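Participant: 3D model of this:
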Amino acid sequence: MKKIMTLASVSAVFSMAMAAAHAVCPVCTVAVGAGLEGARLLGVDDVITGIWAGGLTLSLFFWTAGWLKKRGVTNFWVQVVLPFVGYYALLGAVYFMPGVTFGQSRLWGIDRFLLGTIVGTVAFYLGARWYVKLKRENGGRAKFPFQKVVVPLSFLMLATAVFAAIIYL
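Facilitator: As a prediction, the model looks like this:
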């Protein structure tokens, strides 16, 4: 068990430090993650923050799963389940931090941050899958530079725009 935890920790650190990631743009994703707390301080609603946190978390999962696959890890539990559950458990640990007041404000009966996380995860997943479909239709090549970045982020921006309209209008 200790070896698995060490492998998961090392894979997370290396996947973030790699300059040429083969999943989704690492620089963009880390920049979004760094800006989440700043957004809360600026008064951005927790649903919007959660959308981007969900996208960041799924992106970290894609990095880790790709990195483990590249290193020859074929065990489904170690390559897929452990990183997925681990990253979302870390995201859920936000609720236990001192001074965090999540859970007091709800939208449609669901905690705002949790709702945003679910929406962001689904939006990012759909964007990543659509990118793969577009690439496959174009003979395995992107149609334009940075398409791998633009497509998933555009899905997150669309989800943000929809929920911003719901919340602020």
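Participant: which parts of the chain are helices?
Facilitator: Remark: helices assigned in the chain by DSSP state H are 2-17, 26-41, 46-70, 76, 82-92, 112-137, 147-168.
Participant: list the contacts for the spatially closest residue to residue 105 that is not a sequence neighbour?
Facilitator: The shortest distance from residue 105 to any non-neighbouring residue, by Cβ to Cβ, 6 or more residues apart in numbering, is to residue 112 (5.2 Å). In short, each C-beta sits where N, CA and C put it, glycine included. Applying Cβ atoms under 8 Å, 6 or more residues apart in numbering, we find residue 112 in contact with 45, 46, 47, 50, 102, 105, 106.
Participant: one step back: hey, which of the helices of the chain is tucked in deepest?
Facilitator: Of the helices of the chain, the one with the most neighbours on average (mean count of other Cβ atoms under 10 Å) is helix 46-70, at a mean of 24.
Participant: follow-up on the earlier one: need the helices of the chain in JSON lines (columns: mean pLDDT).
Facilitator: As requested, the helices of the chain are exported to JSON lines (pLDDT from 0 to 100):
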{"stretch": "helix 2-17", "mean pLDDT": "42"}
{"stretch": "helix 26-41", "mean pLDDT": "60"}
{"stretch": "helix 46-70", "mean pLDDT": "86"}
{"stretch": "helix 76", "mean pLDDT": "87"}
{"stretch": "helix 82-92", "mean pLDDT": "84"}
{"stretch": "helix 112-137", "mean pLDDT": "87"}
{"stretch": "helix 147-168", "mean pLDDT": "85"}
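Participant: distance of the spatially most distant residue from the centre of the chain from residue 130?
Facilitator: Relative to the centre of the chain, the most outlying C-alpha is that of residue 139, 27.2 Å out, by Cα atoms, centre = their mean. Noted for residue 139: a distance of 17 Å to residue 130, by Cβ to Cβ, to the nearest Å.
Participant: same question for residue 150.
Facilitator: Residue 150 is 11 Å from residue 130, where distance means Cβ to Cβ.
Participant: contacts for stretch 157-164 next, please.
Facilitator: 45, 47, 48, 51, 52, 116, 119, 120, 123.
Participant: closest to residue 82 out of the residues you listed?
Facilitator: Using Cβ to Cβ, residue 120 comes nearest to residue 82 of these, at 21.4 Å.
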